[in-house]
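# The following block contains a protein sequence and its predicted model.
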Amino acid sequence: MTGSLNYYKVKMPLVDPFTTSFGTETEKEAYIFELKKDGISAFSESVTSIGPFYSYEDNTTAFHIIKSYLAELVLDAPQPAEFIARSSKVKGHNMAKAALEMLLWDYHSRKSGKPLHEYIGKSKGYADVGISLGIDRKEATLKKIQAALDRGYKRIKVKISKGKEMDILTPIREVYPDIALSVDANTDYRLRDLEILKKLDRFNLVYIEQPLEHDDILDHARLRKEISTPICLDESITSAERAEQALEVEACEVINIKPGRVGGFTESLKIAELARERKAHVWVGGMLETGIGRSYNVALASLEAVDYPGDTSPNDKYFERDLVRNPFSMENGTIRPNSGTGIGVDIDFEMINKVKIEAGTF
Ligand code: OSB
Ligand code: MG
């Protein structure tokens, strides 16, 4: 029998507004998907947001692509590889594809009786956790950093934007000269800003994340020769092939894997292995996901091949009440993936019903 694919569009306020170089997010609007077949219910989330400011996809484009082209390809619960083959005729739209590809990973790991992190490869059983802090007033940022250090976070990442980088970093390094610190520019610079980017070398950063254009590899390779701060690519790495090209031309030494950005877990696993072979560093990022999307990130981040702390904060950084009844807790800067089968989330349907603004079945 074929299964059914349900969706719930939810809208939840963020605990704290999140400001990056591309804008401020005050609430989360996300599509949650549920695949029901043969007594198994699997869940996933699209990492797209309200507008196309991180990448060209947003909730509306993802929903359109899923409804018009992809939903019909998952109803018989194929293996993820089969879904990728079937959906390859749709160009791009990785986030839309990832929402369903990951749904199939949850489905099949539940079917196998294993937790997702054991199903996908060699897991350490925990993920090392860093925090991603949005742009805020100096005092607020310093307070958040202290709170994060007190909670055991293993790396502090702060968002920067062009023209504000010195004002953001100088006070942080004054108070915390030695913490593991990184910055994320979310594409705010160009090669012509080289003089500013060179100044960042003095802050002894673990890396600078995505300084240049969202689809650039070549200018990052040029930039890398000019600065001593290691480069981490986020937006530019849209597939394992892209990752290989970036490493080949030495555009970066670190990669932020976001399963949503690369079309799902299959590509994510390839990138993690590739980075290990090429002696590059990898970690798992986040997109302010609810506990459903986050559980995938934590499972992936727990793999041995992932060697840097990720942006996989516990749920309370984002939401007062999440969509799951078993939120993550952090101990000594680590989070354990859920132990149930698949992504192991205990879905809080009462909460989903409370915050859903749209729902339906494909
Ligand atoms: O660039 O990593 C990013 C959030 C939304 C969009 C892009 C990014 C981020 C984050 C937050 O840095 C990561 C998280 O805590 O989920
Ligand atoms: Mg980033």
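Sure, I can see it. Just so it is clear, the model here is predicted, and its values are computed rather than measured. Ligands and ions are numbered 1, 2, ... in the order given.

# contacting residues for Lys199?
Neighbour list for Lys199: 165-166 [criterion: C-beta atoms under 8 Å, 6 or more residues apart in numbering]. To be clear about C-beta, it is placed using only N, CA and C from the backbone, and glycine gets the same treatment.

# Give me the distance between it and Ile343.
Using C-beta to C-beta, to the nearest Å, Lys199 is found at 42 Å from Ile343.

# residues making contact with whichever strand or helix holds Thr60?
Using DSSP states H and E, Thr60 maps to helix 59-65. The set of residues external to helix 59-65 that reach it, using C-beta under 8 Å, 6+ apart, is 7, 9, 29-31, 46, 48-50, 52, 90, 93, 95-97, 99.

# If we use 7 Å, what do you get?
Applying C-beta atoms under 7 Å, 6 or more residues apart in numbering, the set of residues contacting helix 59-65 from outside is 29, 31, 46, 48-50, 90, 93, 95-96, 99.

# Just name the closest of the residues you listed to Ala280, please.
Met95 (23.5 Å; C-beta to C-beta).

# How about the residues of the chain by ligand 2?
Residues of the chain found near ligand 2 (C-beta under 5 Å from the ion) are 184, 209, 234.

# From Lys159, how far off is the last one?
So that's Asp234. Counting by C-beta to C-beta - Asp234 and Lys159 are separated by 12 Å.

# Packing partners of the longest helix seen in the chain?
In the chain, ranked by residue count with DSSP state H as the criterion, the top helix is helix 94-112. Secondary-structure packing of helix 94-112 (3 or more C-beta pairs under 7 Å, 6 or more residues apart in numbering; DSSP states H and E): strand 23-37, strand 40-45, helix 59-65, helix 80-87, helix 116-119, helix 265-277.

# and it, is it in reach of ligand 1?
No. Contact of helix 94-112 with ligand 1 (C-beta under 6 Å from any ligand atom) is absent, the minimum separation being 11.4 Å.

# That helix to helix 265-277, inter-axis angle?
Counting by axes from the mean of the first three to the mean of the last three C-alpha atoms, to 10 degrees, helix 94-112 lies at 90 degrees to helix 265-277.

# for helix 94-112, which positions count as buried?
94-111 (16 or more other C-beta atoms under 10 Å).

# got the angle for it vs strand 23-37?
Using the same axes, to 10 degrees: helix 94-112 against strand 23-37 is 40 degrees.

# and helix 94-112 with helix 80-87, angle?
Taking the same axes, to 10 degrees, one finds helix 94-112 and helix 80-87 inclined to each other by 150 degrees.

# so which of the helices and strands packed on helix 94-112 gets nearest Ile292?
Here strand 40-45 is closest among these (C-beta to C-beta), at 4.6 Å.

# tell me the angle of the closest one relative to strand 23-37?
Going by the same axes, to 10 degrees, strand 40-45 makes 170 degrees with strand 23-37.

# Now do the contacts for Val262.
Counted by C-beta under 7 Å, 6+ apart, Val262 has contacts 94, 237-239, 268, 271.

# So it: helix, strand or coil?
Using DSSP: H, G, I helix; E, B strand; the rest coil, the secondary structure recorded for Val262 is coil.

# re the thing from before, state the mean pLDDT of the longest helix of the chain.
Across helix 94-112, the average pLDDT comes to 98.

# Counting neighbours, what do you get for Gly360?
Residues near Gly360, counting by other C-beta atoms under 10 Å, number 10.

# And for Val249?
Neighbour tally, Val249, other C-beta under 10 Å: 14.

# What pLDDT is listed against the nearest residue to it once chain neighbours are set aside?
With sequence-adjacent residues excluded and distances taken as C-beta to C-beta, 6 or more residues apart in numbering, Val249 is closest to Ala221, at 4.5 Å. On pLDDT, Ala221 comes in at 98.

# Quick check: which element contains Ala221?
helix 218-226.

# Could you do Lys199 as well?
Counting by DSSP H and E, Lys199 is part of helix 194-199.

# Can you give me the buried ones in that helix?
Leu197.

# Who are the contact partners of the closest residue to ligand 1 within the stretch 151-300 of the chain?
Nearest residue of the stretch 151-300 of the chain to ligand 1: Gly286, at 2.4 Å (C-beta to the nearest ligand atom). Contact partners of Gly286, counting by C-beta under 7 Å, 6+ apart, are 132, 294, 297, 311-312.

# any idea which of those residues has the most stuff around it?
Thr312 leads the contacts of Gly286 on contacts (other C-beta under 10 Å) with 31 neighbours.

# quick one: pLDDT of it?
Looking at Thr312, the pLDDT reads 96.

# Please look at it and Gly333 and confirm they touch.
No. Proximity of Thr312 to Gly333 does not meet the contact threshold set by C-beta atoms under 7 Å, at 11.0 Å.

# Could you confirm Glu213 falls within a helix?
No. Counting by three-state DSSP, Glu213 falls outside a helix, being coil.

# if I look at it, how far off is Ser236?
8 Å.

# okay, these two: which has more neighbours?
Taking other C-beta under 10 Å, Glu213 and Ser236 do not tie; Ser236 has more neighbours (25 against 17).

# which residues sit in contact with Asn186?
20-22, 159, 210.
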